[in-house]
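Trainee: Sequence unavailable; structure follows:
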Ligand code: AMP
């Protein structure tokens with residue numbers, strides 16, 4: 001029996017940070033290495049056009065994101081790893097899905113509402129974003145989509161789109177289900193009540209590529225003070241990171257010290273700095289090598305696109321016949 005198909009993408013936002021790692025990448029590595037699934041991981045460059053990224057920056061960031069995911073452990077022999085725009089069928093299928101999806105259903109998407117609330121003008125691309133997402137998944141007949149809670153609605157829409165298509169043209173697409181992953185929420189170093197995000201500024205995040213001395217400096221400035229007498233969210237965040245990246249024994253020692261009030265935040269920060277920088281030592285080396293050897297990187301991505309395209313083209317062949325354009 002063939003393995004369930006899992007499809008997931010990441011926007012080329014440049015350097016990954018530890019929030020991206022713990023919230024998305026680590027989960028992909030576990031799925032990949034379990035051997036139980038057929039995994040498609042892509043760099044969602046077309047999705048990022050809904051933002052304001054300049055062309056040269058996009059080109060650069062696709063390379064960096066690719067190098068970083070490979071350095072983190074995405075294995076192109078196990079996972080079909082590629083750049084979204086290299087497989088034209090994604091956009092072809094998205095157009096066809098545009099034509100079976102009622103406007104009213106897209107209008108309900110809370111992520112669109114949230115984004116438009118912050119932006120002066122929204123493009124049609126931002127509105128139909130979840131349709132391209134549905135095409136990304138269904139072009140490979142993906143049946144499982146690993147997402148956090150905020151993306152569940154889009155997976156439901158993917159399921160609806162598959163149904164609308166199947167009802168109109170005949171049974172073809174599977175009804176994708178979300179694979180809700182327990183995602184630890186990593187908080188900002190400087191404002192630990194907010195989610196760690198590059199948009200807050202460089203001091204708020206630890207990037208995977210950062211050298212040990214940079215990590216030491218960042219963590220030195222991390223906020224540990226209590227706010228309004230409540231349990232310090234900054235300390236909780238640092239302890240959470242120690243739990244994820246370090247060994248159980250050290251984590252438990254600090255946890256105990258925190259409980260009985262003997263904890264020294266300087267020690268916690270120093271231990272965590274070393275733990276995080278050691279964890280990513282081989283990542284830093286692999287990343288640097290891949291970015292030096294861009295021929296190798298390009299070859300990996302070209303091979304991935306070829307593998308993906310083979311499947312996408314077969315499925316599109318059937319879709320074209322079903323809808324009457326062949
Ligand atoms: P973004 O580039 O912000 O869309 O993030 C890419 C992936 O990383 C998404 O799956 C997010 O859920 C995850 N992610 C981003 N920031 C964090 C964070 N602070 N904590 C946990 N996961 C995160």
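Mentor: Thanks, I have it. This structure is a prediction, so every number in the text was calculated from the model and none was measured.

Trainee: The nearest residue to residue 142 once chain neighbours are set aside: how many residues sit nearby?
Mentor: Using CB to CB, 6 or more residues apart in numbering and skipping the chain neighbours, the partner closest in space to residue 142 is residue 7 (3.7 Å). All C-beta spots, glycine's among them, are computed from the backbone N, C-alpha and C. Residue 7 is flanked by 25 other residues according to other CB atoms under 10 Å.

Trainee: Next, the contact list for residue 7, please.
Mentor: The contact partners of residue 7, taken as CB atoms under 8 Å, 6 or more residues apart in numbering, are 40, 42, 136, 137, 140, 142, 145.

Trainee: mind checking the SS state of it?
Mentor: Under DSSP: H, G, I helix; E, B strand; the rest coil, the three-state class of residue 7 is strand.

Trainee: In terms of secondary structure, what does the lowest-mean-pLDDT helix or strand in the chain contact?
Mentor: Every helix and strand of the chain was ranked by mean pLDDT, DSSP states H and E. The lowest is helix 110-118, at a mean of 83. Using 3 or more CB pairs under 8 Å, 6 or more residues apart in numbering; DSSP states H and E, the elements in contact with helix 110-118 are helix 124-138, helix 152-169.

Trainee: Check what contacts the last one and list those residues.
Mentor: So that's helix 152-169. The contact list for helix 152-169, computed with CB under 8 Å, 6+ apart, reads 96-97, 100-101, 105-106, 109-111, 130-131, 133-134, 137-138, 145, 147, 172-178, 180, 319, 322-323.

Trainee: Tell me the buried residues in the helix or strand that comes right after it?
Mentor: Once helix 152-169 ends, the next helix or strand along the chain (criterion: DSSP states H and E) is strand 177-180. Neighbour-count burial for strand 177-180 flags 178, 179 (criterion: 16 or more other CB atoms under 10 Å).

Trainee: Can you give the strand pairings for strand 177-180, parallel or anti for each?
Mentor: Strand pairing for strand 177-180, using DSSP bridges, gives strand 144-147 (parallel).

Trainee: The strand it pairs with near the ligand at all?
Mentor: No - using CB under 6 Å from any ligand atom, strand 144-147 stays clear of the ligand, coming no nearer than 7.5 Å.

Trainee: Give me the domain ranges for the protein.
Mentor: What the record gives for the chain is the domain set 5-185+293-323, 198-283, from automatic domain parsing.
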